[in-house]
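Trainee: based on what follows, work out the 3D shape:
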Amino acid sequence: MDFKELKRKIRKKNQSPMNNRKKVGILLFATSIGLFFLFATRMIYVVAGGHIAGTSLEKKTSELYRGEEVVKAKRGTIYDRNGVAIAEDAASYSIYAILSESYTSNGEKLYAQQKDFKKIAQILKAHLAIKPKTSLKILNDGMNDDGTSKYYQVEFGAAGQNISEEIKHNIQAQMDREHVKGLYFTEHVDRMYPNGEFASHFIGYATPDKHEVLKGKMGLEQAYDDVLKGKDGKIVYQKDNTQKPLPGTVAEEKEAVNGEDIYTTLDAGLQSYLETLMDKVSKETQPKEMTAMLMQAKSGEILAMSQRPTFNPETKAGLGSNGSWRNFLIQDSYEPGSTMKVFTTSAAVNEGIFDENETFVSGKIKVGDATINDHDFGAKGVLTMRQALSWSSNVGMVMQEERLGNKWREYMKKFGFGQSTYSGLPGEVKGSLPTSNMVDEAMSSYGQAIGVTNFQMMRAYTAVANDGKMLQPHYIKKTVDPTTKKTIETKPEIVGEPITAETADTVRGYMRDVIESENYGSAYGLYKVPGYRISGKTGTAQIAENGRYLTGDTNYIYSIALMLPSENPEYILYLTLKQPTKTPGGSLAQIANPLLGRAMEFEEDPTTDSTKQKKAKEDEEQIKVEDYRQLAASKAASDANKRGLSAVVVGNGKKVLKQSSKPGEKAMANERLILITDGKKTMPDVSGWSKSDILKLANLLGIEVSFKGEGYATKQNIEPFAEIGKKKLNITLD
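Mentor: Now for the predicted structure:
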């Protein structure tokens, strides 16, 4: 057989179907054997190594049957000064029944058994008003025909939601009595404001976020959110193959740290009464805005404050309408009008240039190219300087401002105008001083061309009411850790002494004329509290919009500032009424008279025995000083005050460069913390400062200091708000 014939036979043989099938079979078999060995090799590697793609199989298995549950911290309660709850957590619950037979612990059946369905239905009827046939249908629909569970758990609709703590407790108690298992509760966080409209803009509100965590949104709730919120804990447990918790398998538990409780300076009785009085006057006069603040003159503690429009933090009714989201007391800067004349008169008396018997012709006065008029255009004719205050003469005040010269601007600074109160509340503005234009400076003497806040006005009034000592307005009485019971109390803080005690007493006497002078008292006969004399000052301020003052019969901010009793004030009350629909007349007196009368009945707990004082001293909390360097000055000061320190900002810069206590150091509550900013350095009013604090200030500023006497600072050679430079500081102590 030749080669060509052999080749032809081989080709013919290879083309047969049988031969092709054999080849395919051999190929598939060989491939299968190869894949098998490859898979087996991989399995051996995974099993031996316990990893796949860099992931631990043991860890993944553990995670599959390991669950974590957040234990929510209780948000701190906000109280009034006497322990009346203003804002508190109010958890609600929803109820469900577990039907799965897997829900057991140590052999005990913790699921709802079919034989107990009727008992469960009766319990639900007794406490939730769910009809037995409804609950039985829900329970039975969760079961298969053979008596096994179809669903892991079932719920009971709207009737099984928003359950109170008391009803939850009652249901659990009846289940225990009847030896029934299977009903469980899911907790839902919420915040309760039992008093409704009650200093709403100051207190603010908190609502749950998407993670069911309460978050402060306004006011105190927002400003002190980090103090109130606490720190969540957790529970680690095992899960079954349905990813449900296995009872009795808690492997790790970290307790939640509840938030601190805050006791405000508010008095619930006075605050509620103020809200009632505000409602009545607001309804009668229908103003665009309205504010009120009642303060203790000797401590700076705010006992009541409110505004209109307002809102209900429980229901949120009224929130967001007519600008009611703003806290007018700190977020609004306005021209106060004639209530400012108290400070012009105080400055003139303090400088020894005020002659109460000096006479002048009222009506109008020329300042530069402007003519300034009195409100009555001179109807009273000749007035004395004392009557200039009681009758509220713009002319008389401009004359005093001209005599004060540059010192008037310095007195405005000494009284705290144009400077933040560092209240710590969100959105505070610092107002503005008048421009250097001579007309604006003249107008500021009677309360126009200057921007103030309610808090600033109250701070300044404390100097007149408290014998020259100006106090920081404050609203926190104390904070209390509910676990350790450690307490940080806020003490009165003197922030300046712009006038002497003699000046303050004299000016309060002039202010009595506003109320008592029949012919020259702008509020004669309106303000009365039986048995007491009252110092007061009225105000009717024009309102500037778009660079011009509004016209019209009621386009004004009407106000009254009152101090009671006049001789030695216990209380300061400041009310404003903006753009009412009709002239207010005696409307503000309808708030002031009954509220001040009620306030004079107000009494603190008189317990001051030495044992109690000693215990309070022992329990006094030390405060960790934070690092405020490079932070905004306003934010740093507000945070320090919030933590219980007394912040003093030196300089007009925006950022803090130095601080008197090192970050991490421990300081006593209410200890002074000096913050040096990056701006021009001006001298603070150090009246009442200790030698130690003044040495810290001098060290931070790099200047020399000398002392005369012992005790606390009474005099300083560098005037408050004067530029410091490298001058030597001389301090007299007493």
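Trainee: would Tyr96 count as being in a strand?
Mentor: Yes: secondary structure of Tyr96 (DSSP: H, G, I helix; E, B strand; the rest coil): part of a strand.
Trainee: for it, what are its contacts?
Mentor: Gln153, Val154, Glu155, Phe156, Gly160, Leu183, Tyr184, Phe185, Thr186 (CB atoms under 8 Å, 6 or more residues apart in numbering). Where C-beta positions appear, they are placed from N, C-alpha and C, glycine not excepted.
Trainee: for it, name its beta-bridge partners.
Mentor: Glu155, Tyr184 (DSSP bridges).
Trainee: okay, how far is it across stretch 554-572, tip to tip?
Mentor: End-to-end distance of stretch 554-572 (CA to CA, to the nearest Å): 26 Å.
Trainee: circling back: and the contacts of Tyr96, which two are the farthest apart?
Mentor: Largest separation among those by CB to CB: Val154 and Phe185, giving 14.1 Å.
Trainee: just name the closest of the contacts of Tyr96 to Lys254, please.
Mentor: Using CB to CB, Thr186 comes nearest to Lys254 of the contacts of Tyr96, at 20.9 Å.
Trainee: state the distance from that closest one to Lys430.
Mentor: Between Thr186 and Lys430 the computed distance is 47 Å (CB to CB, to the nearest Å).
Trainee: neighbour count: these two, which is higher?
Mentor: Taking other CB atoms under 10 Å, Thr186 and Lys430 do not tie; Lys430 has more neighbours (19 against 13).
Trainee: need the contact list for that one.
Mentor: Residues near Lys430 by CB under 8 Å, 6+ apart: Ser333, Gly418, Gln419, Ser420, Thr453, Ser634.
Trainee: and which of those is nearest to Leu303?
Mentor: Thr453 (18.6 Å).
Trainee: before we move on, back to that, can you redo the contacts of Tyr96 as a markdown table with pLDDT and distance to Leu270?
Mentor: Formatted as a markdown table, the contacts of Tyr96 follow (pLDDT from 0 to 100; distance: CB to CB, whole Å):
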| residue | pLDDT | distance to Leu270 |
| --- | --- | --- |
| Gln153 | 94 | 50 |
| Val154 | 95 | 51 |
| Glu155 | 95 | 46 |
| Phe156 | 94 | 45 |
| Gly160 | 91 | 42 |
| Leu183 | 95 | 45 |
| Tyr184 | 94 | 45 |
| Phe185 | 93 | 39 |
| Thr186 | 87 | 40 |
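Trainee: give the buried subset of these as a PyMOL selection command.
Mentor: Remark: buried members of these, expressed as a PyMOL selection using 16 or more other CB atoms under 10 Å:
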select buried, resi 153+154+156+160+183+184+185
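Trainee: any idea how far the residue nearest in space to the middle of the chain is from Gly424?
Mentor: For the chain, Leu220 is the residue whose C-alpha lies nearest the centre (CA atoms, centre = their mean; 1.8 Å). To Gly424, Leu220 is 9 Å away according to CB to CB.
Trainee: so how far is stretch 652-664 off the chain centroid?
Mentor: Mean-position distance between stretch 652-664 and its chain equals 23 Å (CA atoms, centre = their mean, to the nearest Å).
Trainee: please apply the same query to stretch 386-401.
Mentor: Averaged C-alpha coordinates place stretch 386-401 at 39 Å from its chain's average position (CA atoms, centre = their mean).
Trainee: can you dump the C-alpha atoms of it in CSV for me?
Mentor: Only the C-alpha atoms of stretch 386-401 are listed here, as CSV (Å, rounded to 0.1, in the frame of the first residue of the first chain):
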residue,chain,number,x,y,z
ARG,A,386,-33.9,116.4,86.0
GLN,A,387,-37.2,116.9,84.1
ALA,A,388,-35.3,116.2,80.9
LEU,A,389,-35.2,112.6,82.0
SER,A,390,-38.6,112.2,83.5
TRP,A,391,-40.4,114.0,80.6
SER,A,392,-38.0,112.4,78.1
SER,A,393,-36.6,115.4,76.4
ASN,A,394,-34.3,114.7,73.4
VAL,A,395,-32.9,118.2,73.6
GLY,A,396,-31.8,117.8,77.2
MET,A,397,-30.0,114.5,76.4
VAL,A,398,-28.2,116.0,73.3
MET,A,399,-27.0,118.8,75.6
GLN,A,400,-25.5,116.3,78.0
GLU,A,401,-23.9,114.3,75.1
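Trainee: which of the residues in that stretch are buried?
Mentor: Buried positions in stretch 386-401, judged by neighbour count with 16+ other CB under 10 Å: 386-401.
Trainee: same question for stretch 122-134.
Mentor: Here stretch 122-134 shows Ile123, Leu124, His127, Leu128, Ile130 as buried, counting by 16+ other CB under 10 Å.
Trainee: ok, stretch 203-223 next?
Mentor: 203-206, 213-223.
Trainee: one more: stretch 572-581?
Mentor: By neighbour count on 16+ other CB under 10 Å, the buried set for stretch 572-581 is Ile572, Leu573, Tyr574, Leu575, Thr576, Leu577, Lys578, Gln579, Pro580.
Trainee: so which of the residues you listed are in helices?
Mentor: Members of those lying in helices (criterion: DSSP state H): none.
Trainee: could you redo those residues as JSON lines and give each row pLDDT and distance to Gly230?
Mentor: Shown next, in JSON lines, are those (pLDDT from 0 to 100; distance: CB to CB, whole Å):
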{"residue": "Ile572", "pLDDT": "98", "distance to Gly230": "36"}
{"residue": "Leu573", "pLDDT": "98", "distance to Gly230": "37"}
{"residue": "Tyr574", "pLDDT": "98", "distance to Gly230": "36"}
{"residue": "Leu575", "pLDDT": "98", "distance to Gly230": "38"}
{"residue": "Thr576", "pLDDT": "97", "distance to Gly230": "38"}
{"residue": "Leu577", "pLDDT": "97", "distance to Gly230": "41"}
{"residue": "Lys578", "pLDDT": "97", "distance to Gly230": "40"}
{"residue": "Gln579", "pLDDT": "96", "distance to Gly230": "43"}
{"residue": "Pro580", "pLDDT": "96", "distance to Gly230": "44"}
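Trainee: tabulate those (JSON lines), appending distance to Asp374.
Mentor: Putting the buried residues of stretch 572-581 into JSON lines (distance: CB to CB, whole Å) gives the following:
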{"residue": "Ile572", "distance to Asp374": "27"}
{"residue": "Leu573", "distance to Asp374": "26"}
{"residue": "Tyr574", "distance to Asp374": "24"}
{"residue": "Leu575", "distance to Asp374": "23"}
{"residue": "Thr576", "distance to Asp374": "22"}
{"residue": "Leu577", "distance to Asp374": "22"}
{"residue": "Lys578", "distance to Asp374": "23"}
{"residue": "Gln579", "distance to Asp374": "22"}
{"residue": "Pro580", "distance to Asp374": "23"}
